[in-house]
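# following is a predicted model, sequence given first.
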Amino acid sequence: MPPSPDIVGIGVCTVDHLVTVPRLPNRNENMTAISYDRQPGGLAAIALMAAARLGARAKIIARIGDDDSGIYIRQVLQEEGVDVSQLLVEPGGESQVSVILVHEASGDRSIVSRPPTGRPVSPGEIDRADITSARVLFIDTLNDATLQAARWAQDAGTKVLLDPALPYAEIKPLLRYVDVPIVPEYWARALMPNEAPAAVAERLLDEGAEIAVVTLGERGAVVAWEAGTETFPAYPVDVVDTTGAGDAYHGAFLYALLQGWELPRMARFASAVGSMNCRAVGGRNALPTRAEVDQFLAAAKS
Ligand SMILES: Nc1ncnc2c1ncn2[C@@H]1O[C@H](COP(=O)(O)OP(=O)(O)O)[C@@H](O)[C@H]1O
Ligand SMILES: [Mg+2]
């Protein structure tokens, strides 16, 4: 039995097929890729790999297929030190796969995903003790299982961090259980098109969050918490691929919540990890260790 996890995550696990291109191809064009790579991806998988790389004990709860992709996801997550004992397998099912075109010059990415063919994780497949003994729960969508887990977490004092893969109106029933919503800019703009992202962070705080974050890509992230609202910048890096920047930010925030740091330190740390993750292709390849983040932040200060 692995030691009990600090962080439990329920959510998306994929295999990402990353193809670096000089520009987006036209219809019927045959283009030669600059490079190809395959990595596990998905919101939960990258966030938990990020937290594990930093040194946290992280466990993933998800369903994969019994296909080659599923075998690969399990193998790599295990190599990364993520507890895969609740990675459930759908017999005859196919795991989620994503094709990601990475624009070489900017590192911007275009993603096409084929969802998994298996059922979502059901409430009966989650062990209450996993949630109540963890200190942080990561979720990325609303379904019976995540709702139940979030309720259990709230009862037990386990913090709940949300990366909403659904728009506000669809994820709303979950929000009352969420302590730390961390949302991307497009999500914030969809919710309040005429307001600055800071207004969305403040609204999420008004709706019960303890800390609310809108990530803004190369402009960093705006954070609202009891002491106020502040934008924490991103860090300049040689951007190769922005795939997984947000997920790495989430993973770093999960880790930071375990450290008991003041908010500004958590926000700078997560921003550094998000930026550092842009330095190589895919969500996994540039994930830093704790020592690497500390060095990076020390160098950025001087
Ligand atoms: N081009 C970039 N240069 C430096 N840091 C970046 C860049 N893009 C993202 N980041 C870092 O990663 C964090 C999350 O990125 P963001 O683009 O907002 O998420 P997503 O992956 O959901 O698009 C940002 O807050 C920032 O710290
Ligand atoms: Mg981005």
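Happy to help now that I have it. Ligands and ions are numbered 1, 2, ... in the order given.
# show me what the helix or strand containing residue 295 is packed against.
Secondary structure assigned from DSSP states H and E places residue 295 in helix 290-301. Counting contacts by 3 or more CB pairs under 8 Å, 6 or more residues apart in numbering; DSSP states H and E, helix 290-301 packs against helix 263-276. (Glycine included, C-beta is placed from N, CA and C.)
# over the helix it packs on, what's the mean pLDDT, rounded is fine.
With pLDDT averaged residue by residue, helix 263-276 scores 98.
# one more: stretch 223-241?
Mean predicted confidence for stretch 223-241 is 97.
# near ligand 1, anything from it?
Yes: contact of stretch 223-241 with ligand 1 (CB under 6 Å from any ligand atom) involves 234, 237, 239.
# how many neighbours does residue 206 have?
10 (other CB atoms under 10 Å).
# any idea how far it is from residue 250?
22 Å (CB to CB, to the nearest Å).
# buried sites along stretch 40-56?
By neighbour count on 16 or more other CB atoms under 10 Å, the buried set for stretch 40-56 is 40-54, 56.
# of all the residues you listed, which two lie farthest apart?
41 and 56 (19.3 Å; CB to CB).
# hey, what's the residue in the stretch 51-200 of the chain that ligand 1 sits nearest to bridged with?
Residue of the stretch 51-200 of the chain nearest ligand 1, by CB to the nearest ligand atom: residue 184 (4.0 Å). Judged by DSSP bridges, the bridge partners of residue 184 are residue 215.
# list the contacts for the residue nearest the centre of the chain?
Centroid-nearest residue in the chain, with CA atoms, centre = their mean: residue 247, separated by 2.7 Å. For residue 247, the contact set (CB atoms under 8 Å, 6 or more residues apart in numbering) comprises 41, 42, 43, 46, 47, 50, 163, 283.
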